[in-house]
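Colleague: Prediction below, plus the sequence it came from.
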Amino acid sequence: MPLQDAILRLSPLAKWLLPRPVLRFLLLHVVGVNRQYERLRAVPSRLCLEREILPWVAARFSRILFVGTASYTYHYEKLFRRGQYTTIDLHPSTAVWGVHDHIVAPIQDINRHRPKGFFDCVVLNGVFGFGVDRADDMRVVLKELHDALQPDGFLVVGWNTEQHDDPEAIGLYEPFFVRNQQAPWTERRRFASETHVYDFYRKRPD
């Protein structure tokens, strides 16, 4: 059996026992799991997230929650201090790409894993339309994020406009969030070659 196949077929226990840096190295440099994502490095929306949005939140917030982990997101943790950045993902198989205190759970359960009001920033990118697809389910997520954030907490939502109706246009944010009014993130960020956009909100007072 080729070494690549052997690594991918490691039992969950073996993957758990391997030190995270070792398992990451094997997956990245032996298996080459990131090869299929090479094109993402030049996608404008991804560059915006990595070079503009995340450095900006890292400089201003002390407890950031990033929703969703993958082999192309693990390096984001380098932008943050230890303990400043928390990751969460539903799938146990992606935990290797999360931070040390990564949470394995759906985002709808975040307040079971951290006290309400624990975070001052949440980055929710590529969740709406990719797993959380219906308006009712989006509303549940927004309610949980509202509860998870401190007063005036900051919310970044990245989504693809062709996937579903505009959550803001159909009123999903109204009970929980208002548009951010502080520069530089006061308007929707669009990209000429993509349908991916970013919206920026603040927690509405209870």
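Modeller: Looks like it arrived, so ask away.
Colleague: Tell me the spacing between residue 62 and residue 19.
Modeller: Remark: distance between residue 62 and residue 19 (Cβ to Cβ, to the nearest Å) = 28 Å. Where you see a C-beta, it was placed from the backbone N, CA and C, and this is true even at glycine.
Colleague: Of those two, which one has the most company?
Modeller: Just comparing residue 62 and residue 19: by other Cβ atoms under 10 Å the higher neighbour count belongs to residue 62, 14 against 8.
Colleague: mind giving me the domain split of the chain?
Modeller: Using automatic domain parsing, the domain ranges for the chain come out as 1-33, 40-203.
Colleague: most tightly surrounded among those domains?
Modeller: domain 40-203 (a mean of 17; mean count of other Cβ atoms under 10 Å).
Colleague: Please compute how far that one lies from its chain's middle.
Modeller: Mean C-alpha position of domain 40-203 versus that of the full chain (Cα atoms, centre = their mean, to the nearest Å) differs by 5 Å.
Colleague: and it, average pLDDT?
Modeller: In this model, domain 40-203 carries a mean pLDDT of 96.
Colleague: now do the same end-to-end measure for it.
Modeller: Start to finish, the residues bounding domain 40-203 are 30 Å apart (Cα to Cα, to the nearest Å).
Colleague: i'd like the first residue to be 604 from this point on
Modeller: Yes, from this point I'll number from 604; that puts the last item at domain 643-806.
Colleague: biggest strand in the chain by residues?
Modeller: Looking across the chain with DSSP state E, the single longest strand is strand 752-763.
Colleague: For that strand, C-alpha coordinates in PDB please.
Modeller: Extracted in PDB, the C-alpha atoms of strand 752-763 (Å, rounded to 0.1, in the frame of the first residue of the first chain):
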ATOM      1  CA  LEU A 752     -20.900  37.400  21.200                       C
ATOM      2  CA  GLN A 753     -20.100  40.100  23.700                       C
ATOM      3  CA  PRO A 754     -22.100  43.400  23.500                       C
ATOM      4  CA  ASP A 755     -21.200  45.200  20.200                       C
ATOM      5  CA  GLY A 756     -19.400  42.000  19.000                       C
ATOM      6  CA  PHE A 757     -18.300  41.900  15.400                       C
ATOM      7  CA  LEU A 758     -19.500  39.400  12.900                       C
ATOM      8  CA  VAL A 759     -18.000  38.700   9.400                       C
ATOM      9  CA  VAL A 760     -20.200  36.600   7.100                       C
ATOM     10  CA  GLY A 761     -18.800  35.300   3.800                       C
ATOM     11  CA  TRP A 762     -21.300  33.700   1.400                       C
ATOM     12  CA  ASN A 763     -22.000  33.100  -2.300                       C
END
